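A.B. asks: make a model of this:
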Amino acid sequence: MADASSRTNAAVARRGLMLVLSSPSGAGKTTLSRKLLATDPSVELSVSVTTRPMRSGEVDGHDYRFIDRARFDGMVRGGELLEWAEVFDHCYGTPKQPVQAALEAGRDVLFDIDWQGTQQLREKVPTDLVSVFVLPPSVSELERRLRARALDPDDVIKRRMAKAADEMSHWAEYDYVVINRDIDKAFIEVCAILAAERLKRERQTGLSGFVRTLQAGI
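C.D. replies: Predicted structure coming up:
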């Protein structure tokens, strides 16, 4: 009976999930991602491959995996990428193998991608995907946050605001929507989504064995 008891008290094995956070620039997606990675050891960030040059302060394998165009094209042809896109003459993509390894080990993978990348993931791995769109409380607040960052000149902020309208039009394509009026409250909501999705029956791969152990002990 001691062995049976220890088995029933053990954590039930589960398959990891792919958590996508998308938002227009300035809505809070990056801050939420950082808070999640800092507080939840079961979540890891998906590291994309890119053909763009490495920027000052970036670390290969941490921020991105920097590869040349020939290697990138080979990964596309070989089906090695879950999603990819070309932006301003540079390519970005998500390698399949490390994501699959993490999911099988019960770890969750966080994605910071736009709606187009999210759609590609939904087509390829719909059962593993959990998508969250983060909205600002108002357009004026979004602009205020962009200006408060003091990272971009006025013309860049105007382009970001114009792009935001198109990005926000895709909110209905996501599983969940979080309105970021307050970053701490928004973070609690994202954590609640993650907790609920982890408990879905189909993700708890060890549940049938756990139930059999319970039944055997009756």
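
A.B. asks: what about the helices in the chain?
C.D. replies: 2-9, 29-39, 69-77, 96-104, 115-124, 139-149, 154-168, 183-198, 207-216 (DSSP state H).

A.B. asks: Serialize those helices to JSON lines and add fields for mean pLDDT.
C.D. replies: Shown next, in JSON lines, are the helices of the chain (pLDDT from 0 to 100):
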{"stretch": "helix 2-9", "mean pLDDT": "50"}
{"stretch": "helix 29-39", "mean pLDDT": "95"}
{"stretch": "helix 69-77", "mean pLDDT": "97"}
{"stretch": "helix 96-104", "mean pLDDT": "96"}
{"stretch": "helix 115-124", "mean pLDDT": "93"}
{"stretch": "helix 139-149", "mean pLDDT": "81"}
{"stretch": "helix 154-168", "mean pLDDT": "84"}
{"stretch": "helix 183-198", "mean pLDDT": "98"}
{"stretch": "helix 207-216", "mean pLDDT": "93"}
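
A.B. asks: nearest to Val20, out of these?
C.D. replies: Each of those has some distance to Val20 by C-beta to C-beta; the shortest is helix 115-124, at 5.1 Å. Heads up, the C-betas are built off the backbone N, CA and C, glycines and all.

A.B. asks: quick one: which of the helices of the chain is nearest Phe88?
C.D. replies: It's helix 154-168; of the helices of the chain, that one is closest to Phe88 (C-beta to C-beta) at 12.1 Å.

A.B. asks: how far off centre is that closest one?
C.D. replies: 22 Å (C-alpha atoms, centre = their mean, to the nearest Å).

A.B. asks: repeat that for stretch 140-156.
C.D. replies: Using C-alpha atoms, centre = their mean, the offset of stretch 140-156 from its chain centre is 24 Å.

A.B. asks: if anything else comes up later, I'll come back, but that's it for now.
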